[in-house]
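> build me a model from this:
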Amino acid sequence: MTTELNEKPNKGESQTKDGALERLFHLRENNTTKRVELFAGLTTFLSMAYILAVNPSLLGQAGMPPSGVFVATVLAAFIGTAVMAFMANYPLVLAPGMGLNAYFAFSIVLGMGYSWQFALFAVFLEGLIFIALTLARAREKVVDAIPQSLKIGVGSGIGVFLAYIGLQNAHIIVHSDSTLTTFLSFDSSTIHTSGAAVILAIIGIVLITVLSHKKIFGALFWGMIGTWGFSVIAQLIGLYQPDPANGFYSVIPSFDLNAQTQELKNGFKEVCFAAFNVNAWTGKGGETGWELLFSINILLVLFALLFVDFFDTIGTVIAVATKENMYDEKGKIPRIKSILFADAFATACGGALGTSTTTTYIESYTGIAVGGRTGLTALTAAFLFLISLLFAPVFLALPSFVSGAALIYVGFLMITPLSKLNFDDVSEAAPAFIATIVIPLAYSISEGIAISFILWTVINLVSGQRQKISPLMYVLSVLFAAKYFFI
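Reported below is the predicted structural model:
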């Protein structure tokens with residue numbers, strides 16, 4: 001691929017002057033320059049900065065303080081990405097993952113009834129398990145045992161789930177006693193609150209889509225900022241009127257630095273290391289404290305976290321490696337162990353700091369597409385995340401209907417792998433479809449995983465395709481079935 005900015009390195013160029021960077025990141029060896037890497041890091045940051053607004057909004061619905069989640073999100077992204085830069089020397093950027101944050105908030109906390117403090121401990125525990133699996137080189141082997149069709153189905157189901165949450169956050173879809181959900185009905189009592197929110201959310205969807213179609217890098221981020229700008233105008237002219245009692249807050253940020261700093265400090269103090277506050281651990285069955293660790297449901301929680309993060313990271317790395325031909329002569333990805341370790345370490349740190357599972361972002365490819373080739377790209381993005389703490393008032397003022405528009409578009413991006421599903425083979429396509437549809441309708445990622453795994457195993461067993469079923473799939477299907485019959 002042609003290096004961005006028409007800048008090609010040569011022996012006498014700036015790499016010689018920047019000896020430390022050359023030794024750390026091997027710029028010359030990777031056919032890149034400092035300027036290109038810095039620009040690529042900026043590009044990647046802009047393409048995924050939406051997480052700074054979306055993550056606090058989503059986890060806030062689980063009862064966590066958004067200001068604290070914002071700080072934890074920034075720190076988890078910074079630490080994870082910096083580890084990736086120095087250990088693996090790849091232009092891959094990490095942050096709390098979409099889908100994983102939804103599972104945290106809507107499945108573990110709101111669905112299963114666990115306290116968010118215990119959910120954070122589950123994330124921390126997941127990170128430790130991943131570290132052990134990575135050091136034992138078991139992580140890549142487990143991936144091979146699960147059918148590709150189910151990986152596609154689960155990923156797509158999470159995409160539809162996120163879009164569904166986005167539609168609700170934007171107030172486009174609302175509760176209905178007769179049909180469960182319905183489209184918002186505009187009337188005089190809602191036109192300046194939920195009605196205005198719907199209009200602004202639709203503007204956001206259009207803006208994000210058009211910017212993406214025009215190949216504007218950071219389209220999602222700029223689309224959200226643009227929609228927020230329209231929201232500010234709408235509030236100033238009276239079209240949108242805040243109603244905090246019903247969940248419609250002012251979109252104009254407060255720039256009272258003392259108050260904002262105190263809010264961030266208090267929020268972070270509440271979430272940081274909350275995972276280890278055993279007294280705050282509760283479950284829907286009345287379990288408290290350490291007895292939660294010995295409940296069977298915790299296995300399902302951990303498996304779902306492990307499963308989704310497994311394929312977020314592996315899928316991203318494989319997609320980037322395939323697109324950029326990063327394989328070695330043996331067909332393997334160099335330093336894959338370091339990539340997976342950085343991901344696992346970031347997850348453990350994120351759980352301790354106070355946010356959901358941290359994972360490698362496919363948006364990393366935007367920086368690669370403009371020439372990023374080394375960890376300097378990742379390190380640049382890491383520092384930009386850290387600097388974003390200074391702009392906390394803006395990110396925290398973005399309303400739910402703005403993040404809702406972003407979630408709808410992210411959901412669209414996540415269902416695109418469905419095109420790779422072989423619909424002629426119904427033994428593969430049908431279970432994948434079940435995963436895709438059950439996850440949003442059951443409002444649970446884990447239920448979609450469980451049902452689709454059981455169906456895939458039973459369908460292939462009954463249809464005489466035993467050779468396709470790995471021992472691991474038998475074990476997982478039996479465990480999931482036992483959950484429904486005995487728990």
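> and the strands in the stretch 1-150 of the chain, which stretches?
Taking DSSP state E, counting those that start in this stretch as the criterion, the stretch 1-150 of the chain contains strands spanning 94-96.
> now do the buried residues in stretch 168-179.
Buried residues in stretch 168-179, counted by 16 or more other CB atoms under 10 Å: Gln168, Asn169, Ala170, His171, Ile172, Ile173. In short, each C-beta sits where N, CA and C put it, glycine included.
> contacts for that stretch, please.
57, 164, 167, 181-184, 194, 197-198, 201-202, 204, 400-401, 403-405, 407-408 (CB atoms under 8 Å, 6 or more residues apart in numbering).
> mind giving me the PyMOL command for buried ones among those?
The following PyMOL line selects those of these that are buried, judged by 16+ other CB under 10 Å:
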select buried, resi 57+164+167+184+194+197+198+201+202+204+400+401+403+404+405+407+408
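> in helices, which of the contacts of stretch 168-179 fall?
Residues of the contacts of stretch 168-179 located in helices (DSSP state H): 57, 164, 167, 194, 197-198, 201-202, 204, 400-401, 403-405, 407-408.
> and the pLDDT at Arg373?
Per-residue pLDDT puts Arg373 at 89.
> that one: what secondary structure?
Secondary structure, DSSP: H, G, I helix; E, B strand; the rest coil: Arg373 is coil.
> and it, backbone torsions?
phi -130, psi -10 (degrees, to the nearest 10).
> contacts only, for it.
Going by CB under 8 Å, 6+ apart, Arg373 touches Asn30, Asn31, Thr32, Glu37, Ala40, Pro91.
> hmm, Ser115 is touching Asn279, no?
No. Using CB atoms under 8 Å, Ser115 makes no contact with Asn279, being 10.1 Å away.
> for the two, work out which one has more neighbours and name it.
Between Ser115 and Asn279, counting by other CB atoms under 10 Å, Ser115 is the more crowded of the two (20 against 8).
> circling back: now, of the contacts of Arg373, which are buried?
Using 16+ other CB under 10 Å as the burial test, the contacts of Arg373 include Asn30, Thr32, Glu37, Ala40, Pro91 as buried.
> OK, contacts around the fourth one?
The one in question is Ala40. Per CB under 8 Å, 6+ apart, neighbours of Ala40: Glu4, Pro91, Gly367, Ile368, Val370, Gly371, Gly372, Arg373, Thr377, Thr380.
> now, among those, which is nearest to Ser189?
When these are ranked by distance to Ser189 (CB to CB), Gly367 comes first, at 46.8 Å.
> checking the closest one next. Helix, strand or coil?
Of the three states, Gly367 takes helix under three-state DSSP.
> from Leu110, how far out is the nearest residue to it once chain neighbours are set aside?
Nearest non-adjacent residue to Gly367, counting by CB to CB, 6 or more residues apart in numbering: Thr44, 3.4 Å away. For Thr44, the distance to Leu110 equals 32 Å [CB to CB, to the nearest Å].
> Gly267 too?
As for Gly267, its distance to Leu110 is 20 Å (criterion: CB to CB).
> which helices and strands sit right next to the one helix or strand Thr377 maps to?
Using DSSP states H and E, the element containing Thr377 is helix 375-387. Applying 3 or more CB pairs under 8 Å, 6 or more residues apart in numbering; DSSP states H and E, one finds that helix 375-387 contacts helix 19-25, helix 34-48, helix 66-83, helix 364-369.
> next one: stretch 81-93 to chain centre, how far?
18 Å (CA atoms, centre = their mean, to the nearest Å).
> before we move on, what about stretch 380-395?
Counting by CA atoms, centre = their mean, stretch 380-395 comes out at 18 Å from the chain centroid.
> hey, C-alpha coordinates of it in PDB?
The C-alpha coordinates for stretch 380-395 follow below in PDB (Å, rounded to 0.1, in the frame of the first residue of the first chain):
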ATOM      1  CA  THR A 380       0.300   8.000  19.500                       C
ATOM      2  CA  ALA A 381      -3.400   6.900  19.800                       C
ATOM      3  CA  ALA A 382      -2.700   5.900  23.500                       C
ATOM      4  CA  PHE A 383      -1.500   9.400  24.400                       C
ATOM      5  CA  LEU A 384      -4.400  11.000  22.500                       C
ATOM      6  CA  PHE A 385      -6.800   8.900  24.700                       C
ATOM      7  CA  LEU A 386      -5.000  10.200  27.800                       C
ATOM      8  CA  ILE A 387      -5.200  13.800  26.500                       C
ATOM      9  CA  SER A 388      -8.900  13.400  26.000                       C
ATOM     10  CA  LEU A 389      -9.300  13.600  29.800                       C
ATOM     11  CA  LEU A 390      -9.000  17.400  29.300                       C
ATOM     12  CA  PHE A 391     -12.200  17.300  27.100                       C
ATOM     13  CA  ALA A 392     -14.300  15.300  29.600                       C
ATOM     14  CA  PRO A 393     -17.100  17.900  29.700                       C
ATOM     15  CA  VAL A 394     -17.800  17.500  26.000                       C
ATOM     16  CA  PHE A 395     -17.800  13.700  26.000                       C
END
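> residues contacting that stretch, please?
Around stretch 380-395, the neighbours that count as contacts under CB under 8 Å, 6+ apart are 37-38, 40-42, 44-45, 49, 52-53, 56, 67, 70-71, 74-75, 77-78, 81-82, 85, 93, 95, 228, 253-255, 260, 264, 367.
> report the buried members of these.
37-38, 40-42, 44-45, 49, 52-53, 56, 67, 70-71, 74-75, 77-78, 81-82, 85, 93, 95, 228, 253, 260, 264, 367.
> which parts of the stretch 301-450 of the chain are strands?
All strands of the stretch 301-450 of the chain, identified by DSSP E, counting those that start in this stretch, fall at 358-360.
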